[in-house]
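Engineer: Could you look at this predicted model? Sequence included:
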Amino acid sequence: MELIINHTPKTFDTLPENLEALLAIEFPGKRKGIAVALNNRIIPLSAWAETFLKDKDSVLIITATQGG
């Protein structure tokens with residue numbers, strides 16, 4: 001199974017069930033400072049657990065960084 005994460009294909013033996021599970025894999029322990037779009041639709045943090053993933057979905061993950 002495959003997701004397109006930040007324009008790069010990533011293969012999973014078992015697809016993460018939802019955005020919350022995917023982000024726990026990609027950014028363990030981090031929830032703040034992350035913005036997510038699924039198939040060009042912004043998904044608020046409050047909906048990550050209810051947003052289920054399918055094979056070939058496109059996920060854009062943006063993280064905040066410090067600096068000026």
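Structural biologist: All right, it came through fine. All values reported here derive from a predicted model rather than from experimental measurement.

Engineer: drop to CA atoms for contacts and neighbour counts, all remaining ones
Structural biologist: Will do.

Engineer: Point out where this structure drops to low pLDDT.
Structural biologist: 67-68 (pLDDT under 70).

Engineer: hey, where'd the strands end up in it?
Structural biologist: 2-5, 8-11, 34-38, 41-43, 58-63 (DSSP state E).

Engineer: starting at the chain centroid, how far to the third one?
Structural biologist: Read it as strand 34-38. 6 Å (Cα atoms, centre = their mean, to the nearest Å).

Engineer: quick one: strands adjacent to that strand?
Structural biologist: Paired neighbours of strand 34-38 in the sheet (DSSP bridges): strand 41-43 (antiparallel), strand 58-63 (antiparallel).

Engineer: can you redo the ones you listed as CSV with mean neighbour count and distance to H7?
Structural biologist: Output for the strands paired with strand 34-38, formatted as CSV (neighbours: other Cα atoms under 10 Å; distance: least, Cα to Cα, whole Å):
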stretch, mean neighbour count, distance to H7
strand 41-43, 13, 15
strand 58-63, 17, 7
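
Engineer: For those, could you give me TSV that also reports distance to E26?
Structural biologist: TSV is the format used below for those (distance: least, Cα to Cα, whole Å):
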stretch	distance to E26
strand 41-43	16
strand 58-63	10
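
Engineer: which one of the ones you listed lies closest to T51?
Structural biologist: With distances scored as Cα to Cα, the stretch of those nearest to T51 is strand 41-43 (8.0 Å).

Engineer: which residues touch the closest one?
Structural biologist: Contacts to strand 41-43, defined as Cα atoms under 8 Å, 6 or more residues apart in numbering, come from residues 35-37.

Engineer: Would you enumerate the residues in contact with the residue nearest to A21 when sequence neighbours are not counted?
Structural biologist: Among residues not flanking A21 along the chain, A49 sits closest, at 7.7 Å (Cα to Cα, 6 or more residues apart in numbering). Listed by Cα under 8 Å, 6+ apart, the contact set of A49 reads 18-21.
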